[in-house]
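> can you look at this prediction? I've put the sequence above it.
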2 protein chains.
Amino acid sequence: MVRQRSTSVKGLTPADVRDEDVDVTFMVWLTSRATTDLVDSVLAPAGLDGDEFAIYSVLTAAPSITPTELARWMAAPPTTVSSYVKRFEARGHVEREPNPDDGRSYRIKLTPAGRRAHRAAAKLFIPMRTRVEEGLGPRGSEVREALLTLRSVLDEIRHTPPGALE
Amino acid sequence: MVRQRSTSVKGLTPADVRDEDVDVTFMVWLTSRATTDLVDSVLAPAGLDGDEFAIYSVLTAAPSITPTELARWMAAPPTTVSSYVKRFEARGHVEREPNPDDGRSYRIKLTPAGRRAHRAAAKLFIPMRTRVEEGLGPRGSEVREALLTLRSVLDEIRHTPPGALE
DNA sequence: ACGAAAAACTGCGATATCGTAGTACCATGG
DNA sequence: CCATGGTACTACGATATCGCAGTTTTTCGT
């Protein structure tokens, strides 16, 4: 998975790009890459990557969900979700049951094996989570708050057609 | 690229997962997906996706950089960077020049065409950035601050071998 | 109740990501 | 100055992502 060094490279190379005056979006990108790298490497032994763990977590929290709902959750295109489901099902980690409300659709549920896989991954995840929380210390809640704010702003923009100025 | 709706799905479905008591990492994941979706859709007409735009931006800020440095920057494995470079070069957007300090390596530079492409993408990006900043309002600096904090914590953990407890 | 439009999903194919393993080069010790 | 080990990069191959276009079912207007 490759453990990388630091964002501030070597001595002086591209380090002159100071974070303070960089775009929020760019920082999200950077943060996200760092998170992915860390989480993926932590979860690797459990055979799940970060995305998969996140999805399994959603499936754990929400007893059952449709592909479309999942797609909205993770802001992913339906085809991607479709192949996720296929993959998870092949692993025996999720199963589909007919959606009583809509014949075109179905609902996804973790199987016991899926729950077990999630628990195994969680066991690796928790210590990391703890370290992150410790690292954040009291600022933890501010960070969470900030992410929340940011996400709601993003969502609002995402769902506003380009032309529509309020 | 698919424009999705909202994180809080429909009426009541998986909405019972309240953000407040969700993991920071998970929120980063969610935020990152939303960001990717938004940025990709905004930049699409310019023929760059978010990742590419970010890299072009780094290359704009840092006059030249080696693949390894770039890999550290974006916390990506070297093979990924390698194929990025190949792709960008094929587009005529970057060029390699020999690294005087190291014969195994080389330095990457945006070509004029590459700079042009970046500028074109930036033209689409700026309005979005503005909307995000407006949406954040005075909380903008806190959000930036939070991301900064988070990233430094993540980096520190990432670079600490699993066993090494301080 | 019917037909048109929209929505949920998927097969397929193009492209992207990234692990494995290999090559070229540098650095260190003796 | 050579050997040994480490580092920078990449070819190749496996798998993942996701757009396009098509099918099935639902929704809505009349």
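In hand now; what should we look at?
> what stretches of chain A score poorly on pLDDT?
A:1-21, A:161-166 (pLDDT under 70).
> okay, helices next: where are they in it?
All helices of chain A, identified by DSSP state H, fall at A:24-43, A:50-61, A:67-74, A:78-90, A:112-136, A:140-158.
> could these go into TSV alongside mean neighbour count and distance to DNA strand C?
No exception for glycine: its C-beta is placed from N, CA and C like everyone else's. Below are the helices of chain A laid out as TSV (neighbours: other C-beta atoms under 10 Å in any protein chain shown; distance: least, C-beta to the nearest atom of the strand, whole Å):
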stretch	mean neighbour count	distance to DNA strand C
helix A:24-43	22	7
helix A:50-61	20	10
helix A:67-74	22	3
helix A:78-90	15	4
helix A:112-136	16	16
helix A:140-158	20	16
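> is stretch A:120-132 up against chain B anywhere?
Yes - under the criterion of C-beta under 8 Å from any C-beta of the partner chain, chain B is reached by stretch A:120-132 at A:Phe125, A:Met128, A:Arg129, A:Arg131, A:Val132.
> just stretch A:104-117 next, same as before
No - no part of stretch A:104-117 sits near chain B under the criterion C-beta under 8 Å from any C-beta; the closest distance found is 10.0 Å.
> output that stretch as CSV, nothing but the C-alphas.
What follows is stretch A:104-117, C-alpha atoms only, in CSV (Å, rounded to 0.1, in the frame of the first residue of the first chain):
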residue,chain,number,x,y,z
ARG,A,104,-37.2,-2.5,-10.5
SER,A,105,-35.1,-2.3,-7.4
TYR,A,106,-34.0,-4.5,-4.5
ARG,A,107,-32.6,-4.1,-1.1
ILE,A,108,-29.1,-5.0,0.0
LYS,A,109,-28.3,-6.5,3.3
LEU,A,110,-25.1,-7.7,5.0
THR,A,111,-25.0,-11.4,5.5
PRO,A,112,-23.6,-12.8,8.7
ALA,A,113,-20.3,-13.4,6.9
GLY,A,114,-20.4,-9.7,5.8
ARG,A,115,-21.0,-8.6,9.4
ARG,A,116,-18.1,-10.7,10.5
ALA,A,117,-15.9,-9.2,7.9
